[in-house]
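Engineer: Fold the following for me, if possible:
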Amino acid sequence: FALESLHLPTSKWLGEMNSVIPTLILFSFWTLGNTIVIFLAGLQNIPSHLYEAIEIDGGNAFAKLIYVTIPLSSPIIFFNTVIAFINGFQTFVQPAVMTQGGPGTSSLLYVLFLFNEGFKFARMGSASAISMLLFIVIILFTAVIFIFSKTLVHYEGQGGGKK
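Structural biologist: Predicted coordinates for the structure are as follows:
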């Protein structure tokens, strides 16, 4: 109704194969609260004297972001990235409740497929194999993220001096 009154194109958000996945992605933004709370808690732990030092040296807001905020919040960004990847692979509730995998099978995500195999069709062996494959894929993606994080994540105890 709101889109029609503004003379904008309308869509059957969950009823069309082309728009169901973008709709589920859009809906997933509703669940970003935990990520934001963790990120804000990490930002509050950045010492204010580092920002003051940048100001004294003549740095602007961009310098504060590049040289203080991003490096010191990189462990939080890394943690949230790992959790987001794992949660992305385990997406179940939204397609199960909103579309049951439809229209057709356009929103039949992997965990919903696993659920259907095990509990709808009572094929526990197939569901076990699917869940083991999911476990292996999650482990591999997490390992890749950890490998790339060695150069991107700055931990407070890391320094350039001799130990």
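Engineer: so what secondary structure elements neighbour the longest helix along the chain?
Structural biologist: Scanning the chain for the helix with the most residues, using DSSP state H, yields helix 124-152. Contacts defined by 3 or more Cβ pairs under 8 Å, 6 or more residues apart in numbering; DSSP states H and E place helix 124-152 against helix 70-89, helix 110-115. Where C-beta positions appear, they are placed from N, C-alpha and C, glycine not excepted.
Engineer: Next, the angle helix 70-89 makes with it.
Structural biologist: Interaxial angle, helix 124-152 versus helix 70-89 (axes from the mean of the first three to the mean of the last three Cα atoms, to 10 degrees): 170 degrees.
Engineer: from the chain's centre, how far out does helix 124-152 sit?
Structural biologist: 15 Å (Cα atoms, centre = their mean, to the nearest Å).
Engineer: Flag the shaky bits of this protein, pLDDT-wise.
Structural biologist: Low-confidence segments of the chain (pLDDT under 70): 1, 157-163.
Engineer: could you redo the last one with a cut-off of 50?
Structural biologist: Low-confidence segments of the chain, defined by pLDDT under 50: 161-163.
Engineer: Identify the residue nearest the geometric centre of this structure.
Structural biologist: The residue lying closest to the centre of the chain (Cα atoms, centre = their mean) is A84, at 2.7 Å.
Engineer: State the distance from that one to I56.
Structural biologist: Distance of A84 to I56, given as Cβ to Cβ, to the nearest Å: 37 Å.
Engineer: Quick check: buried residues in the helix or strand hosting V97?
Structural biologist: Secondary-structure assignment from DSSP states H and E places V97 in helix 93-98. The neighbour-count check on helix 93-98 (16 or more other Cβ atoms under 10 Å) flags 94-96 as buried.
Engineer: where's it relative to the chain centroid, distance-wise?
Structural biologist: Using Cα atoms, centre = their mean, the offset of helix 93-98 from its chain centre is 17 Å.
Engineer: So what touches it?
Structural biologist: By Cβ atoms under 8 Å, 6 or more residues apart in numbering, the surrounding residues in contact with helix 93-98 are 14, 24, 27-28, 101, 107-109, 112, 115.
Engineer: Restricted to strands, list the residues you listed.
Structural biologist: Residues of the contacts of helix 93-98 located in strands (DSSP state E): none.
Engineer: which one among the residues you listed gets closest to N60?
Structural biologist: The shortest approach to N60 among these belongs to S28, at 34.7 Å (Cβ to Cβ).
Engineer: That closest one and T91 touch, don't they?
Structural biologist: Yes. Under the criterion of Cβ atoms under 8 Å, S28 makes contact with T91 at 7.4 Å.
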